[in-house]
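Q: Below: sequence and its predicted model.
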Amino acid sequence: MVHGLQAEIERLRKENFRLKEKPSSQGSTAQVEMVHNEPQRHTQALSTAELTEDLLKSLASNGAIGVAIVTCKRPKYLSRTMDSVLRAQRDPAKFPLVISQDANDAAMQELVQRSFVKTGQAYHMHHEHDPNAPAIATKYGGKKAIGYVRIAQHFGFVMRRMFDEFGFEA
């Protein structure tokens, strides 16, 4: 799987150099300079074997579809989900995995880092709970709604990061 990602990164690197030599009439000078600097980031990502924000942005700009896996305090469920996702054939450079963890759970953090981040299989992002969630929940049914508010906030966080920050398209 890492080999496929490496091959895709090398292909993107060559394409970036080609674009630098022959700038598109649609692209600005700043875009051409950014494309020229991308191979260094790819090389760095290859040496660490971890997905980085810069690599995700680069993959998104080349048409990749980010796959977000939302999780909270259920390491066994995440393991089963990732086993299932990783069994399916996919090109990691076209479908990079992003695990978004809600709440502070040491077992979950350790599992994600050890099993998926350090192996280059997924990027890990962490959503901190909003301290105003209980106040927001009072508008929607009080204490029994707090879980729903936190889930909604986490999903909003994931969507903003995937679409607005990384640049994946719907």
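A: Perfect, I can see it now. Residues are numbered from 1 along each chain as shown.

Q: can we go C-alpha only for contacts and neighbour counts from here?
A: Noted.

Q: Can you show me the strands along the chain?
A: 67-71, 97-102, 123-127 (DSSP state E).

Q: Local confidence estimate at residue 36?
A: Reported pLDDT at residue 36 in the predicted model: 35.

Q: Walk me through the domains of this protein.
A: 2-61, 67-165 (automatic domain parsing).

Q: about what we covered before: out of the strands of the chain, indicate the one that is most buried.
A: strand 97-102 (a mean of 22; mean count of other CA atoms under 10 Å).

Q: Is the one residue sitting closest to the centre of the chain bridged to anything, and to what?
A: Compute the mean C-alpha point of the chain, and by CA atoms, centre = their mean the closest residue is residue 98, 3.5 Å away. Taking DSSP bridges as the rule, residue 98 bridges to residue 68, residue 123.

Q: ok, now how distant is it from residue 65?
A: As judged by CA to CA, to the nearest Å, residue 98 and residue 65 stand 11 Å apart.

Q: hmm, back to that, turn the strands of the chain into a markdown table, including mean pLDDT and distance to residue 160.
A: Output for the strands of the chain, formatted as a markdown table (pLDDT from 0 to 100; distance: least, CA to CA, whole Å):
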| stretch | mean pLDDT | distance to residue 160 |
| --- | --- | --- |
| strand 67-71 | 98 | 12 |
| strand 97-102 | 97 | 12 |
| strand 123-127 | 97 | 12 |
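
Q: residues contacting the residue nearest to the centre of the chain?
A: Residue 98 makes contact with 66, 67, 68, 69, 122, 123, 124, 125, according to CA atoms under 8 Å, 6 or more residues apart in numbering.

Q: What of residue 155?
A: residue 70 are the contacts of residue 155 under CA under 8 Å, 6+ apart.

Q: and if we set it to 7 Å?
A: By CA atoms under 7 Å, 6 or more residues apart in numbering, the contact list for residue 155 is empty.

Q: ok, it to residue 93 distance?
A: 23 Å.

Q: which of the domains of the chain has the lowest average pLDDT?
A: Taking the mean pLDDT of the domains of the chain, domain 2-61 comes last: a mean of 58.
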